[in-house]
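> need a structure here:
(2 chains)
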Amino acid sequence: MSKDNQILEDLNSKEYEHGWSVNFETDEAPIGLNEDIIRWISTKKEEPSWLLEWRLKAFKIWQGMTEPTWANVKYLKMDLQALRYYSAPKQSKKPKNINEVDPELIAIYERLGISLHEQKRLQGIAIDVVLDSVSVATTFKETLGKLGIVFCSFSEAVKEHPELIQKYLGSVVPMTDNYYAALNAAVFSDGSFCYIPKGVRCPMELSTYFRINAANTGQFERTLIVADDSSYVSYLEGCTAPQRDENQLHAAVVEIYAGAHAEVKYSTVQNWFPGDKEGKGGIYNFVTKRGICAGDHSKISWTQVETGSAVTWKYPSCILKGDYSIGEFYSVAVTNNYQQADTGTKMIHIGKNTKSRIVSKGISAGKSQNSYRGQVQVMKRAHNARNFSQCDSLLMGNQCGAHTFPYIDIANPSAKVEHEATTSKIGEDQIFYCNQRGIATEDAVALIVNGYAKEVLNQLPMEFAVEAQKLLALTLEGSVG
Amino acid sequence: MSTLTQHELVLGLFEAAPATFLSLRQLGKESFYAQGMPALKSEEYKFTPLAKKLESSLTDFFPANPIKISAEQVKSAVFTGFEGVVLVFSNGKYLPELSKSTEGLTVNLLSEIENTPLGSIAKADKDPFTALNQATFTDGLHLSIDSKKSIESPILLLQFHQAQGGQVISPRIWIEAGDFSKATFIDYQVSLDAAPYFVNKVVEIKGGVHANITYHSLQEESNHVIEVSNVVTNIYQDAQFNSTQITLSGDMVRNNLTLNLLGSNSVGNMYGLYLLQGKTHVDNHTNVDHTIPHAESNELYKGIMADQSRGVFNGKIFVRQIAQKTNAFQQNNNILLSEDAIINTKPQLEIWADDVKCSHGCTVGQLDEEALFYLQARGIDKITAKGLLLYAFAGEVLDKIEDDSLRNYIVNQIQKRLGSNF
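Numbers count the residues shown, from 1 in each chain, chains lettered A, B, ... in the order given. Presented below is the predicted three-dimensional model:
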């Protein structure tokens, strides 16, 4: 028992490795939130008037909304008026390509293990890096451009492809969707935009890396992925933030549009600062992610590995509108110390012969609370809809909690829906079995957890899978159930 | 009355107060006002808009007076082959002249009991309808089983309901099983005519150490009846609670079944079956609270929805931090038979202890085409084949009913339906 406690303590005392921050000159908006701030952001970003109007409309809607309280998380409410809504590293002129980017900024990403130099990178990943409120650099733009693929920061897209933005912005996550989506629509600063033209299979993984650096700043990025008919793209998202005592807000919106026969694979490893072991600080991650399978035979697949943020409130969803469309959701959520996660998905079956699959693996340790909240909805006309959901929870230590809230709403008799969930701890017999064969307890736990999460990790692109596996092993190193 | 306000609802019901329960009713009233009728978006009553239903269906919020029941009516309502005692109620009021007790069972009116324990198990602040019942009930029955007494034959609580113009019936029952006792109760509700009314029932059950209580509830009321039933059970060490909830008809029915496991090695088995047709709307909410280590709960609810009916299921399992070594299982299976039928199900687990085995499963589907084909290939016509398969589906729950007379009666009622294409 004492050894177990020791191991649990070690686990609890593990430090967050990306907790550093860097001081550099920034362009900042004044603290507070009002119409003037929104105009300020819009002017700063040299936005067209339609976008400013869109923002102001969202702000009006947001003012009439209240913060949702239904999620199974407890946290101190943030004073949204005490936040800064824009913070960007000062750059004398806009860099034309990666070689002109401030070396200081590049150094930040080198330190995070992300090289922005194209020649140094693994072939096959184009990356857009976002620091606080702005996109710093986007790699491989020319290579992608030759195929007609647009991959750039959101602000750039607004200037260069306004027709695409106007068509798709807010089409999947309307500004009226929820409190944080409305807030994001009003104040979003940057993000990534990608457009894959008809029939193009994107040859490399597209990736965005988000980093919060400034203090007292919220990050509100907006990602829009449009896959036109018969195209394919795999998209990755990663994120970290410095270790600070106060909570920081991250309220992003991700919209995915998939045309007929298109396929979008969205993978993310969330490694925000989760707060220290007393539960102080950390990121509030209130994110709205949704994709629409608009065309027939389209497919959207979400894969997420959640290890970070103090409070997570996130439900990547699929609207299966096209006939024969497919939605998938694979998730591993790890919570430790005082972390709280309320995460899951929504699968809304509208078209005929639609399929969805949900695999959610929750791991709770320390004093954390981990909830799965999901909805499978089969509309009246969604004939032959098929859903399979599995959500398992693994508990480590007797002070954490695992909760499951699956909503299953079926209005069509031809639907086949299955849901199953289990809760357990790592069996002593499993550990004993490994010990017997000369595997140390720590390694045995890592082995078992990795096996437990394998179904999800297998869905990740290779480079990400390695990172996620390491992250899992690191977070839960040596813990015995 | 065109619109329903809480004020009118309670005041109408509150007036005829017997002095004994005045303070209890006052507390219930305050609690009901504090909670109010569940709003449209309230999570607990999300799919079951009772406030709206009551408003549109009922015209009169006064308590229904008991009606005259004859010995013949009792005789014809009792299941064929039933061997046990019958306690008869008319609109919630106990009729001693038609009832018979048995050895080991003490029957009292609630108003005859000093220091009433009412409200200590079904707490008014937990549910607005429990509060409403507490504010408006006039009397009810207190049943207690002597310690170490095992009553082999079941006790039938035969509840006749008939009310005009949407009056309110508020039955209230307290069941107390002494240590090492055993008893089976069958709570059977029948409508005498098809007029709409509102039944708001509260049953509190207390199972002592090593007690074994079985509570079957059969709801077979007319399709104009709105019903809310709150059954709350506390059981202690080594005790066992078995329940079956069978719902065959009604307009809008909401059953809240709560089981608090308060002693180690206690076991709860909860089964349910809802066979719905027409526009019947049935909502089963179950809540199992594991507050101590080494307890077990099993739950199986099955439903078949035809026509424009709607089924709602919400099963909650709470496992508290100290409740290590808990085993909790929950299963909900549903079959939709028509384009217009709807099921909303939410099997919910909330677990704070790590050394537990908990699982839940939930399915929505239709009859297996291959099984249907297999039967048809052997000369069984489609309707019969379908009936056979549906019967087999429901059978898993029916098998849990030990009393032959009750089971046979339900089987008969179901088969009548299955023969006519459900």
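> Which neighbouring elements make contact with the helix or strand where B:Ser31 lies?
According to DSSP states H and E, B:Ser31 maps onto helix B:22-35. Where contact means 3 or more Cβ pairs under 8 Å, 6 or more residues apart in numbering or on different chains; DSSP states H and E, helix B:22-35 is packed against helix B:6-14, helix B:128-136. Glycine gets a C-beta too; all of them are placed from N, C-alpha and C.
> between those, which gets the lowest average pLDDT?
Ranked by mean pLDDT, those bottom out at helix B:6-14, with a mean of 64.
> Okay, and the beta partners of the residue of the stretch 251-400 of chain A found nearest chain B?
Across the stretch 251-400 of chain A, no residue is closer to chain B than A:Leu395, which sits at 3.7 Å (Cβ to the nearest Cβ). Listed by DSSP bridges, the beta-bridge partners for A:Leu395 are A:Ser364.
> count of residues packed around it?
Residues lying near A:Leu395 (other Cβ atoms under 10 Å in any protein chain shown) number 27.
> Quick check, pLDDT for it.
pLDDT, read off for A:Leu395, is 87.
> and if you look at the one 3 residues further on?
Note on A:Asn398: pLDDT of 81.
> wait, doesn't it sit right on B:Gln321?
Yes: A:Asn398 is within contact range of B:Gln321, at 6.6 Å (criterion: Cβ atoms under 8 Å).
> per-residue confidence for the closest residue to chain B within the stretch 101-250 of chain A?
As assessed by Cβ to the nearest Cβ, chain B sits closest to A:Asn178 within the stretch 101-250 of chain A, at 14.1 Å. For A:Asn178, the pLDDT comes out at 90.
> re earlier: from the chain's centroid, how far away is the helix or strand following the helix holding B:Ser31?
From helix B:22-35 onward toward the C-terminus, using DSSP H and E, the following helix or strand is helix B:50-57. Centroid separation between helix B:50-57 and its chain, computed with Cα atoms, centre = their mean, to the nearest Å, is 20 Å.
> swap in stretch A:403-410?
Averaging C-alpha positions (Cα atoms, centre = their mean) puts stretch A:403-410 22 Å from its chain's average.
> Do it and chain B come into contact?
Yes: shown here: stretch A:403-410 in contact with chain B (Cβ under 8 Å from any Cβ of the partner chain) through A:His403, A:Thr404, A:Phe405, A:Pro406, A:Tyr407, A:Ile408, A:Asp409, A:Ile410.
> same for the one helix or strand A:Val466 maps to, what does it pack against?
Secondary structure assignment for A:Val466, by DSSP H and E: helix A:462-475. Packing contacts for helix A:462-475, counted by 3+ Cβ pairs under 8 Å, 6+ apart, involve strand A:232-240, strand A:263-270, strand A:299-306, strand A:326-335, helix A:441-457.
> residues from chain B in reach of chain A?
So far as Cβ under 8 Å from any Cβ goes, chain B lies against chain A at B:43, B:321, B:324, B:334, B:336-366.
> Sitting in strands, which of these do you find?
The strands, defined by DSSP state E, take in B:334, B:336, B:342-351, B:357-365 from the residues of chain B next to chain A.
> Tell me which strands the host helix or strand of B:Arg254 pairs with, and in which orientation.
According to DSSP H and E, B:Arg254 maps onto strand B:252-261. Strand pairing for strand B:252-261, determined by DSSP bridges: strand B:225-235 (parallel), strand B:281-290 (parallel).
> Now do whichever helix or strand comes after the last one: distance to the chain's middle.
Using DSSP H and E, the helix or strand that follows strand B:281-290 towards the C-terminus is strand B:296-305. Distance of strand B:296-305 from the chain centroid (Cα atoms, centre = their mean) equals 13 Å.
> just checking, what packs against strand B:296-305?
Judged by 3+ Cβ pairs under 8 Å, 6+ apart, strand B:296-305 is in contact with strand B:267-276, strand B:281-290, strand B:310-319, strand B:327-336, strand B:342-351, helix B:382-398.
> With mean pLDDT and mean neighbour count added, can I get the ones you listed in CSV?
Converted to CSV, these look like this (pLDDT from 0 to 100; neighbours: other Cβ atoms under 10 Å in any protein chain shown):
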stretch, mean pLDDT, mean neighbour count
strand B:267-276, 95, 24
strand B:281-290, 96, 24
strand B:310-319, 94, 24
strand B:327-336, 94, 22
strand B:342-351, 92, 24
helix B:382-398, 91, 17
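> To A:Gly427, which of these lies closest?
Using Cβ to Cβ as the measure, strand B:327-336 is the one of the helices and strands packed on strand B:296-305 that comes nearest A:Gly427, at 14.8 Å.
> tell me the angle of the closest one relative to strand B:281-290?
170 degrees (axes from the mean of the first three to the mean of the last three Cα atoms, to 10 degrees).
> Can you give the strand pairings for strand B:327-336, parallel or anti for each?
Strand pairing for strand B:327-336, determined by DSSP bridges: strand B:296-305 (parallel), strand B:357-365 (parallel).
> Of these, which stretch is the most buried?
Most buried of the strands paired with strand B:327-336 by mean neighbour count (mean count of other Cβ atoms under 10 Å in any protein chain shown) is strand B:296-305; its value is a mean of 23.
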